[in-house]
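**Student:** model this:
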Amino acid sequence: MVTVVPEDFPRTLPEFERRIATEARCREFLAKLRWPDGFVCPTCQSRAGYKLNARDLFECPDCGHQTSVTAGTVFHGTRKPLRLWFKAMFLLSASKAGLSATSLRRLLGFKSDQTAWAWLHKLRKAMVRPDRPKLEGKVELDEAYVGGVVEGVSGRATPNPVVLAAVERLDGPASRRPALGRLRLEVAEDCTEVSTTTFAVANVVAGSIVLTDGMTSYGELGQVGYDHRPRRVGKPKRASKLLPGVHRIFSLVKRWLLSTHQGAVSPGHLQAYLDEFVFRFNRRKSSHPGKLVYRLLELAVATKPYPFNSIVAATA
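**Tutor:** The predicted model follows:
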C-alpha cells in the first residue's frame, strides 16, 4: 500500500493546528482514516452502524455494540485531548532527528517525562506496518552491537544486543557511494546462522542478491533461495568499503541514539527506537512534508492499544 497524501493536507505546523482546531475535527479526521468507506462494526463487521449525536459513539444496529473512533487504537482510553496527540505526532514526524521524552514534555507542557515517554512508545508501536513489502534487488546485510554497555547479572559489563541490518543498495554508474533504498533493523539474540537466516527470510525477497561479509553465520543464505555473495573483509578498515550501506546505517543509528536520546535506551526498548529510525529513513525522500504525520495517523488508528503496563514490561 502506497500512501497518497491529499494535496490539501497541511504542510506546516500552523496549518496543521488550524485543521485540528477542535476535538470534533480530530475525531472526524480519525473516523475518515479508520473507516474510509463508512463505519464498520469491530465486533460483527456490519456496515449498518450510525453515530449517536449525543455522544461521540457509533452504534451497530445488528449486534448493539457501541464504539468510539479511538477505541481499539493507539489512542484507546486516552484522557488527553486528541489535539495534543495530533500535535505530538506532527512534531515527532517533522523533526529529522525525532524527539526525546524530555523535549516532548517541554513542547506540550506535560508535568512529567513519563507521560511523554509513554506517548512516544505508543507512537513507535504504530510505526511498523504489518504488511510492509520485503526488500529486493541487491541487499547488504550485516550486524553490529548498538548502544552502550549494560551491567550483567553478576555485575560484570556485557555487550549490548546484536542488531541485524538489511538495506537495499542502489548502485549507480561508477558510484563510489551507492544510494540506499529501504531499510530493516532488528534486535537479535545472537548472530548465529539461525538468527541471520530467519532475519533474511522475514525481510528480503527470495532470489535477491544478498551481500555480506565472510562470517560463517551467513553461510545458510545461499541454501534458502538467495544469491548470496559473501565478501572477505580481511582488515577491519575494508569493511566499510565492501559494505558501505549498512556501515553508514549503523553510524547514523548510533549517532542518533547518542544525540537525541543521550544513549539512554534500554535493551528492552531498543527495537522500538530502531522502528522509529526505519520509519523515518524509509520516507526520507518524500516530497510532501506532511507524509510522515499522515502515514503515522493512518497506522495509529490501525494499531491495537499499547497500555503503559505493556510498555514497562518490555524492560523486564
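
**Student:** now do the strands in the chain.
**Tutor:** Counting by DSSP state E, the chain has these strands, from start to end: 50-52, 57-59, 66-67, 138-145, 149-151, 157-159, 162-170, 179-188, 209-213, 227-231.

**Student:** just checking, what packs against the second one?
**Tutor:** Secondary structure elements in contact with strand 57-59, counted by 3 or more CB pairs under 8 Å, 6 or more residues apart in numbering; DSSP states H and E, are strand 50-52, strand 66-67. C-beta: built from backbone N, CA, C; applies to glycine.

**Student:** check these for me: which has the lowest mean pLDDT.
**Tutor:** Lowest mean pLDDT within the helices and strands packed on strand 57-59: strand 50-52, a mean of 88.

**Student:** note down every partner strand of that one and its orientation.
**Tutor:** Strand 50-52 pairs in its sheet with strand 57-59 (antiparallel), by DSSP bridges.

**Student:** which parts of the partner strand are buried?
**Tutor:** For strand 57-59, a neighbour-count test (16 or more other CB atoms under 10 Å) marks F58, E59 as buried.

**Student:** next one: it to chain centre, how far?
**Tutor:** 31 Å (CA atoms, centre = their mean, to the nearest Å).

**Student:** give the closest residue to A48 in space, chain neighbours not counted.
**Tutor:** P61 (5.4 Å; CB to CB, 6 or more residues apart in numbering).

**Student:** list the contacts for that neighbour?
**Tutor:** Taking CB atoms under 8 Å, 6 or more residues apart in numbering, we find P61 in contact with S46, A48, G49, Y50.

**Student:** of these, buried ones?
**Tutor:** Buried, going by 16+ other CB under 10 Å: G49, out of the contacts of P61.

**Student:** can you map out the helices along this protein?
**Tutor:** Remark: helices assigned in the chain by DSSP state H are 13-19, 23-34, 82-94, 101-108, 113-125, 193-203, 239-242, 244-259, 270-281, 291-300, 308-313.

**Student:** which one is E17 nearest to, not counting chain neighbours?
**Tutor:** That would be K87: by CB to CB, 6+ apart, it lies 6.8 Å from E17.

**Student:** avg pLDDT for stretch 269-288?
**Tutor:** For stretch 269-288, the mean pLDDT works out to 92.

**Student:** low-confidence ranges, the stretch 101-250 of the chain, go.
**Tutor:** 147-159, 172-176, 234-239 (pLDDT under 70).

**Student:** rerun at 80
**Tutor:** 147-160, 171-177, 233-240 (pLDDT under 80).

**Student:** outline the domain layout of the chain.
**Tutor:** Split into domains by automatic domain parsing, the chain comes to 13-125+289-313, 138-269+277-281.

**Student:** show me how far the last one is from its chain's centre.
**Tutor:** Computed by CA atoms, centre = their mean, the chain-centroid distance of domain 138-269+277-281 equals 17 Å.

**Student:** and that domain, how far apart are its ends?
**Tutor:** In domain 138-269+277-281, first residue to last residue: 18 Å (CA to CA, to the nearest Å).

**Student:** S266 and Y273: what is the separation?
**Tutor:** 10 Å (CB to CB, to the nearest Å).

**Student:** and those two? Which one has more around it.
**Tutor:** Taking other CB atoms under 10 Å, S266 and Y273 do not tie; Y273 has more neighbours (24 against 13).

**Student:** let's have the helices and strands packed on strand 57-59 in TSV, adding distance to V167.
**Tutor:** Formatted as TSV, the helices and strands packed on strand 57-59 follow (distance: least, CB to CB, whole Å):
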stretch	distance to V167
strand 50-52	45
strand 66-67	40
